[in-house]
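Asker: can't give you the sequence, but here's the structure:
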C-alpha cells in the first residue's frame, strides 16, 4: 500500500515565515492560532463523520514550522485526505468564497486526484472495504452540514492573531505525509493579504420572513420605545414594531387584540456571531403587517394591500425572456 499516496495524506504543516532569522514567535499568538485551527478541524471532521485523532509534533525551524498528524480508522482513510484538502483550502481562500463552494472544490480535487483514480481501479484492496463512489457521495452529502459561520469566524480569529505578530511575513500550509518528505498540496498567504480573511463585523446578514405569523402576547398600546411580545415558531420573542401605520391602528383602537390574536407580517431577525462562531439572535423587527386576524378571519391592512399590489404588478412586468419568441 505504500505506493497509494492517497492513504498517506495524514499531516498538515503550518510554516510561519519571519522578517528576521529567528525561529520563535509569541507563545500566546501561537497558541491562539493552534486553538482556531483545531476548532476548524474538529468541525469539519465531525460533520463528515470521521473518527479522528489529531497529534501535534515537535516544532521545526526555518522560521517556525508545526505539524499536526491526523489519525483515523482504515474506513476513513480517504476521508482524512478530504478533510485535509478542505482545511488547506479554507486557510488559503478569502472571505468572498462561500464555505459550501470551497468544500465542493476540495472534494472534487481530492477525488479526482491521480491516486484516488488508481484506487477506484483497485476495489479489491481489503483496507478500503467501501466503494469509493459511495464514500464520495456520502462526503458530499455530509459536507452540507458544515457550519459556515463557525468556520469563517474561527478562520478570521486565526488571521487576526497572526496579524498581531509583526515579524510574520507570510504563512504557508501544506498537506504532507508522516515522513515530511512528500508534499501533496499547499497554499501560501502573504501578510498583505491577511485582511482578506478577517471579518470586519460580527453582524450577519439578517433573516427575512415576509409571511411570519406571530401570536401576540402583549402589544404596546402607548407611544414609546417599548417592545412587543409574541410567539413565533413556537418560541416567545420580544420584537420592535417598526410599522408606524399599524402602531397607529392599535393605539387608536381600530385594531383590538384578544387571547390568541395573531398578525401576518414581514419579520426581520438580526444576528451576530460570537468568538466561537456560534450565531446569536440580537433582535427582531416587524417592518410591515400584511394582515391581522379578527375572529379567526384575516383582515388586510392598508400597507399590506399596497405591498401585495406592488408584488402583483412586479409579476406582471414583462422580462427579456418574454420577447424571445417574437
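Answerer: That came through fine. It should be emphasised that the depicted structure is a prediction, and the values quoted were computed from it without experimental measurement.
Asker: how far out from the middle of the chain is stretch 232-243?
Answerer: Between the centre of stretch 232-243 and the centre of its chain there are 25 Å (CA atoms, centre = their mean, to the nearest Å).
Asker: in it, what counts as buried?
Answerer: When neighbours are counted by 16 or more other CB atoms under 10 Å, the buried residues of stretch 232-243 are found to be 232, 237, 239-241, 243. Using the backbone N, CA and C atoms, a C-beta is placed for each residue, glycine as well.
Asker: likewise stretch 96-114?
Answerer: Judged by neighbour count (16+ other CB under 10 Å), stretch 96-114 contains these buried residues: 99, 102-103, 106-107, 109-111, 113.
Asker: Over to stretch 132-152?
Answerer: Of all the residues in stretch 132-152, those buried under the rule 16+ other CB under 10 Å are 132, 135-136, 139-140, 142-143, 146-147, 149-152.
Asker: Domain map for this structure?
Answerer: Following automatic domain parsing, one finds the domains of the chain at 5-197, 203-304.
Asker: what about the strands in the stretch 201-326 of the chain?
Answerer: For the stretch 201-326 of the chain, the strands identified by DSSP state E, counting those that start in this stretch occupy 203-218, 228-232, 235-241, 262-273, 279-294, 297-300, in order along the chain.
Asker: what does the biggest helix by length in the chain rub up against?
Answerer: If you go by DSSP state H, the chain has its longest helix at helix 27-47. Counting by CB atoms under 8 Å, 6 or more residues apart in numbering, the neighbours of helix 27-47 from elsewhere in the structure are 14, 52, 54, 56, 64, 66, 68, 70, 83, 86-87, 90-91, 142-143, 145-147, 150-151, 154-155, 157-158, 161-162, 164-165, 276-277.
Asker: Beyond the worst-scoring helix or strand of the chain on mean pLDDT, next helix or strand please.
Answerer: Ranking every helix and strand in the chain by mean pLDDT, DSSP states H and E puts helix 114-120 at the bottom, with a mean of 71. Remark: after helix 114-120, the chain's next helix or strand is helix 132-143, criterion DSSP states H and E.
Asker: neighbouring contacts of that next one?
Answerer: 47-49, 78-79, 82, 86, 100, 103-104, 107, 111, 116, 119-120, 123.
Asker: do that again at 7 Å, thanks
Answerer: Helix 132-143 is contacted from outside by 47-49, 78-79, 82, 103, 107, 111, 116, 119-120, using CB atoms under 7 Å, 6 or more residues apart in numbering.
Asker: Now render these as CSV, adding distance to residue 204.
Answerer: Formatted as CSV, the entries for the contacts of helix 132-143 read as follows, by distance: CB to CB, whole Å:
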residue, distance to residue 204
47, 20
48, 24
49, 27
78, 34
79, 30
82, 27
103, 19
107, 26
111, 32
116, 36
119, 40
120, 40
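Asker: just curious, which of those is nearest to residue 272?
Answerer: When the contacts of helix 132-143 are compared for distance to residue 272, the smallest value, 22.4 Å, is given by residue 47; criterion: CB to CB.
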